[in-house]
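Provide a 3D model corresponding to the input given below.
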Amino acid sequence: MGRIRVALAGVGNCASALVQGTFYYREVDDDSFIPGLMHPRLGGYHVSDIEWVAAFDVSENKIGRDLAEAIFAEPNITPRFADIPEKLGVEVSPGPVLDGVAPHMQGVFKPHDDDVSMDDVVDVLRESKADILVNLLPVGSEEATRFYAEAARRAGVAFINGMPVFIASDPTGEWPSKYEEAGLPLIGDDIKGQVGATILHRTLVRLFHSRGVKVVKTYQLNIGGNTDFLNMTVEERLKSKRISKTRAVTSILPYGDELEANKMVRIGPSDYVPFLGNTKIAYIYVEGKSFGDFPITVEAKLTVDDKSMFAGAMIDAIRGAKIALDRGVAGPVPSVSAYLFKHPPVQASSDEEARLWFEEFVEGKRPR
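Model prediction:
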C-alpha cells in the first residue's frame with residue numbers, strides 16, 4: 001500500500017507519544033489482539049507504514065533539532081517507552097506563534113520571535129511531500145489552528161485536527177467547502193482517547209437512556225499535571241474545548257440541549273496538579289430519574305495516561321485519512337471523524353454505531 005507521510009503541527013507531549021507509538025508497534029502481527037491498538041492493520045496500512053516527514057513548533061528548545069530529540073525536549077514529560085532511532089532525519093521547523101502560546105505559558109514554552117509566513121510553512125509541507133498534516137497545538141490556539149488548516153490546503157495536504165477548534169465541524173461550512181473544492185480530506189475535531197473521560201461518560205449516559213432512565217444532572221471534572229492542564233487554567237482558552245466535550249455527551253440524548261440550557265451539565269478541565277504529570281484523573285457523576293421518579297446516581301473515577309490514550313486513536317485517524325486520500329474523498333469524512341473525535345461534523349447515536357461507520361468506510365461499504 002506504500003508509506004503514509006505525516007507532518008506534525010506541535011511537538012509536545014501528544015507528539016512524543018504518537019511518534020514513539022509508531023515504533024513501539026512497528027513489528028506487531030496483523031492478526032493478533034494487540035493491547036493499545038484498535039486496528040494493527042487498517043485498510044491495508046500497518047502502523048509501520050507511518051513515516052514522519054516534517055514538524056513545526058514555536059519553542060526555542062525544539063526548533064532546529066531532529067524530531068527524535070525534540071519529542072523529549074523540555075517542557076515535554078512523556079517518558080521514553082519505545083526504542084526509536086537517534087535521528088529521524090526530520091528537523092523541526094519554526095511555526096507561527098499567533099495565539100498558540102498563552103501569556104501565562106510564555107516562560108514554559110519559550111517561543112521564538114521570528115516571523116513565519118504562510119509561504120514558509122507551505123514550502124516545508126511541499127518539500128517534505130507530506131500526505132497529511134496533524135494538528136496538535138495547545139487548547140485555545142484558534143488562530144494558529146486555522147493558519148495550519150489553510151497551509152495544508154494550499155500545500156495539497158489532508159488535514160487532521162486533533163484539537164478543539166471547529167474546522168471539520170465548522171458550523172459556517174467555510175472550511176468543509178474549502179477542502180471539498182481542493183479535493184482533500186478533512187478530519188476532526190478534537191481527538192478522543194481510546195478509553196478516555198469522554199468515552200466513559202458517553203457510555204454511562206447511553207446506558208441510562210437505553211434503560212429508560214432520564215439524565216437530570218451530570219458533570220465531568222478532569223485534572224492533570226502536564227502543560228496541557230497548565231495551559232487550560234485560563235478559562236478564556238476553554239470555550240471550544242467545553243463545547244466539544246459537552247456536545248460529545250449531550251448529543252446522545254434527545255433532550256441534551258435542555259440539559260445544557262438549564263445548566264445541568266458541566267464538562268471540562270478543572271485544575272492543574274503538577275505532581276500528576278501526564279496522569280489524567282476524571283471524576284464523572286450522572287444523576288437520573290428511574291421508575292416512579294426514584295433517583296439513581298453513578299459516580300466514577302477514571303485514571304489514565306493522558307497522552308498514550310490519545311496516540312492509539314490518532315494512529316487510526318492517520319490511516320483513515322490516507323485511505324480517504326487514496327479514494328479521492330474531498331471535504332469532511334464523517335465516518336472517520338465520528339468514531340475518533342469528540343466534535344465531528346456528524347455525531348453518531350452511539351460509539352458502537354460510530355465504529356460501524358468507520359469500519360464500513362475502511363471496507364469500502366460507505367463512501368465517506
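
Would you map the helices across this protein?
Counting by DSSP state H, the chain has these helices, from start to end: 13-24, 67-70, 106-109, 118-128, 142-155, 174-182, 197-210, 227-231, 239-250, 256-261, 306-326, 334-340, 351-362.

what packs against the third one?
Looking back up the chat, that one is helix 106-109. With contacts defined as 3 or more Cβ pairs under 8 Å, 6 or more residues apart in numbering; DSSP states H and E, helix 106-109 has these neighbours: helix 227-231. For glycine as for every other residue, the C-beta is placed from the backbone atoms N, C-alpha and C.

For the helix it packs on, which outside residues touch it?
Helix 227-231 is contacted by residues 12-13, 75, 102, 104-105, 108-109, 138-140, 222-223, 237, 269, 271-274, 306 when judged by Cβ atoms under 8 Å, 6 or more residues apart in numbering.

Stretch 174-188 now?
135, 149-150, 152-153, 156-163, 167-170, 317, 320-321, 324-325, 328-333, 336-337, 340-341, 343-345.

Please tabulate the helices of the chain in JSON lines, including the columns mean pLDDT, mean neighbour count and distance to residue 7.
As requested, these are exported to JSON lines (pLDDT from 0 to 100; neighbours: other Cβ atoms under 10 Å; distance: least, Cβ to Cβ, whole Å):
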{"stretch": "helix 13-24", "mean pLDDT": "96", "mean neighbour count": "24", "distance to residue 7": "11"}
{"stretch": "helix 67-70", "mean pLDDT": "98", "mean neighbour count": "21", "distance to residue 7": "10"}
{"stretch": "helix 106-109", "mean pLDDT": "95", "mean neighbour count": "14", "distance to residue 7": "20"}
{"stretch": "helix 118-128", "mean pLDDT": "98", "mean neighbour count": "17", "distance to residue 7": "6"}
{"stretch": "helix 142-155", "mean pLDDT": "98", "mean neighbour count": "22", "distance to residue 7": "8"}
{"stretch": "helix 174-182", "mean pLDDT": "98", "mean neighbour count": "18", "distance to residue 7": "16"}
{"stretch": "helix 197-210", "mean pLDDT": "96", "mean neighbour count": "20", "distance to residue 7": "26"}
{"stretch": "helix 227-231", "mean pLDDT": "95", "mean neighbour count": "21", "distance to residue 7": "21"}
{"stretch": "helix 239-250", "mean pLDDT": "94", "mean neighbour count": "21", "distance to residue 7": "23"}
{"stretch": "helix 256-261", "mean pLDDT": "96", "mean neighbour count": "15", "distance to residue 7": "36"}
{"stretch": "helix 306-326", "mean pLDDT": "94", "mean neighbour count": "24", "distance to residue 7": "11"}
{"stretch": "helix 334-340", "mean pLDDT": "97", "mean neighbour count": "26", "distance to residue 7": "18"}
{"stretch": "helix 351-362", "mean pLDDT": "95", "mean neighbour count": "18", "distance to residue 7": "23"}
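
Would you format the ones you listed as JSON lines with distance to residue 82 included?
Formatted as JSON lines, the helices of the chain follow (distance: least, Cβ to Cβ, whole Å):
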{"stretch": "helix 13-24", "distance to residue 82": "4"}
{"stretch": "helix 67-70", "distance to residue 82": "11"}
{"stretch": "helix 106-109", "distance to residue 82": "25"}
{"stretch": "helix 118-128", "distance to residue 82": "23"}
{"stretch": "helix 142-155", "distance to residue 82": "26"}
{"stretch": "helix 174-182", "distance to residue 82": "33"}
{"stretch": "helix 197-210", "distance to residue 82": "24"}
{"stretch": "helix 227-231", "distance to residue 82": "21"}
{"stretch": "helix 239-250", "distance to residue 82": "29"}
{"stretch": "helix 256-261", "distance to residue 82": "40"}
{"stretch": "helix 306-326", "distance to residue 82": "11"}
{"stretch": "helix 334-340", "distance to residue 82": "22"}
{"stretch": "helix 351-362", "distance to residue 82": "26"}
